[in-house]
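Visitor: Using only what follows, build the 3D model:
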Amino acid sequence: MLVRHLSFFVTLAREKHFARAAEACNVTQPTLSAAIRKLEEDLDARLVVRGQRFEGLTPEGERVLIWGRQILTDYNSLKDDLSGAREGLTGALRLGVIPAAMPAVAFITARFARAHPAATVEARSLTSRAIQEGLDAFELDGGMTYLENEPLQRVRRAPLYQERYVFVAHRAHRLAGRRSITWGEAARERLCLLSEDMQNRRIINNLASSIGVAVRPEVTSNSFLSVCSHLRHGAWAGIVPHTFFCVFPAAPDLVAIDLVEPAHSQSIGLVFSDREPRSPMADALLACALDVDLEAELAAAISRVAD
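Guide: Residues are numbered from 1 along each chain as shown. Got it, this is the predicted structure:
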């Protein structure tokens, strides 16, 4: 009964509305209210600020929310572990992925899907900060993000590959025939880059600043699809991860030029909540990641696109 009541309480905290929470829990609103009052009685603490409507959680309620999420996660993981031992892994793998790592994620999830055909995958495009929040709130089983720059807290890490950067421009661009270009030269071009809420862009800013260069793009976006659209237009060039063409191979009008002075790379990997035992989903994801040489897979994929 405690688990059920905690589930109602956590749902109310998420929905911030009694009627919506009741609908999400598939119960009537009086049933949900009664369950939360019973939870308050059992814990001898007032958890919800009540008025004409939901007004928030008390300080005690905020603490119970942290414990409640953890208890529910452990309870569901226990059920998944027992069920998986009998019938194989089921349910959804919830994975947060920074946009820069999206070109690589399918190499891992494809292995996961083959190994666990009864399970599904939910890969969400999130900022590194949102991945941190999702792991802390037990809303994600794992994340795929930068490991060294702005490292996440309270996580365990599994390195996957090194990301490097290339200058991308239309084939008609005056620099298109170059084999390499310096960061200083790239910064002087008309650029379209990711917006500054994305860690990839902050890495570019910091790298340019370290050599005394300022990056001032004319166009910014939080979507690589939008960046690709602007690059193909021809008026702008961009600085993107070397895996860019794994996602946008149908761009024969674009060229990628190595960025040098300095040559730079960043480690991308998986992150999990720093607690034991891990959820069955997290364990299965890690096993699949350890089974793939992502550096080699990405190099082969990029080579096929180049050919």
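Visitor: Pull out the CA atoms of stretch 214-224 and give them to me as PDB.
Guide: The C-alpha trace of stretch 214-224 is given here as PDB (Å, rounded to 0.1, in the frame of the first residue of the first chain):
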ATOM      1  CA  ALA A 214      35.700  35.300 -30.600                       C
ATOM      2  CA  VAL A 215      33.000  33.200 -32.300                       C
ATOM      3  CA  ARG A 216      30.100  35.400 -33.400                       C
ATOM      4  CA  PRO A 217      27.600  33.300 -35.500                       C
ATOM      5  CA  GLU A 218      25.000  35.100 -37.600                       C
ATOM      6  CA  VAL A 219      22.500  32.200 -37.100                       C
ATOM      7  CA  THR A 220      22.000  30.000 -34.100                       C
ATOM      8  CA  SER A 221      19.700  27.100 -33.500                       C
ATOM      9  CA  ASN A 222      19.200  24.300 -30.900                       C
ATOM     10  CA  SER A 223      18.800  21.800 -33.700                       C
ATOM     11  CA  PHE A 224      21.400  20.200 -36.000                       C
END
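Visitor: buried ones in that stretch?
Guide: Val215, Pro217, Val219, Thr220, Ser221, Phe224 (16 or more other C-beta atoms under 10 Å). Yep, even glycine has a C-beta here, placed from its N, CA and C like the rest.
Visitor: swap in stretch 196-213?
Guide: Going by 16+ other C-beta under 10 Å, stretch 196-213 has these buried residues: Met198, Gln199, Asn200, Arg201, Arg202, Ile203, Ile204, Leu207, Ala208, Val213.
Visitor: Next: stretch 16-23.
Guide: Applying 16+ other C-beta under 10 Å to stretch 16-23 flags Phe18, Ala21, Ala22 as buried.
Visitor: Pretty sure the second one sits against Ser33.
Guide: By that I understand Ala21. No. Applying C-beta atoms under 8 Å, one finds Ala21 not in contact with Ser33, separated by 9.6 Å.
Visitor: mind listing which of the buried residues of stretch 196-213 are in helices?
Guide: Cross-referencing the buried residues of stretch 196-213 against helices under DSSP state H gives Gln199, Asn200, Arg201, Arg202, Ile203, Ile204, Leu207, Ala208.
Visitor: Check those against Ala106 and report the nearest one.
Guide: Asn200 (18.7 Å; C-beta to C-beta).
Visitor: Give me the longest strand you can find in this structure.
Guide: strand 155-170 (DSSP state E).
Visitor: Okay, helices next: where are they in the stretch 51-200 of the chain?
Guide: Counting by DSSP state H, counting those that start in this stretch, one finds helices in the stretch 51-200 of the chain at the ranges 59-87, 102-115, 128-136, 183-187, 199-210.
Visitor: Show me where the stretch 101-250 of the chain dips below the pLDDT cut-off.
Guide: Within the stretch 101-250 of the chain, the set of residues satisfying pLDDT under 70 comprises 249-250.
Visitor: Is it correct that Tyr165 is in contact with His242?
Guide: Yes. Counting by C-beta under 8 Å, Tyr165 touches His242, with 6.8 Å between them.
Visitor: between these two, who's got more neighbours?
Guide: Tyr165 (25 against 21; other C-beta atoms under 10 Å).
Visitor: For Phe167, see how far away the closest residue to Glu185 other than its chain neighbours is.
Guide: Using C-beta to C-beta, 6 or more residues apart in numbering and skipping the chain neighbours, the partner closest in space to Glu185 is Leu175 (7.5 Å). Leu175 sits 8 Å away from Phe167 when distances are taken as C-beta to C-beta, to the nearest Å.
Visitor: who touches both of these two?
Guide: Ile181, Glu189, Ala237, Ile257 (C-beta atoms under 8 Å, 6 or more residues apart in numbering).
Visitor: Assumed Val27 was part of a strand.
Guide: No. Applying DSSP: H, G, I helix; E, B strand; the rest coil, one finds Val27 to be coil, outside a strand.
Visitor: dump the residue contacts of it.
Guide: Val27 touches Phe8, Ala35, counting by C-beta under 8 Å, 6+ apart.
Visitor: now it: how far from Phe18?
Guide: Taking C-beta to C-beta, one finds Val27 at 11 Å from Phe18.
Visitor: In JSON lines: the helices of the stretch 51-200 of the chain, plus distance to Arg37.
Guide: Output for the helices of the stretch 51-200 of the chain, formatted as JSON lines (distance: least, C-beta to C-beta, whole Å):
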{"stretch": "helix 59-87", "distance to Arg37": "13"}
{"stretch": "helix 102-115", "distance to Arg37": "42"}
{"stretch": "helix 128-136", "distance to Arg37": "28"}
{"stretch": "helix 183-187", "distance to Arg37": "61"}
{"stretch": "helix 199-210", "distance to Arg37": "43"}
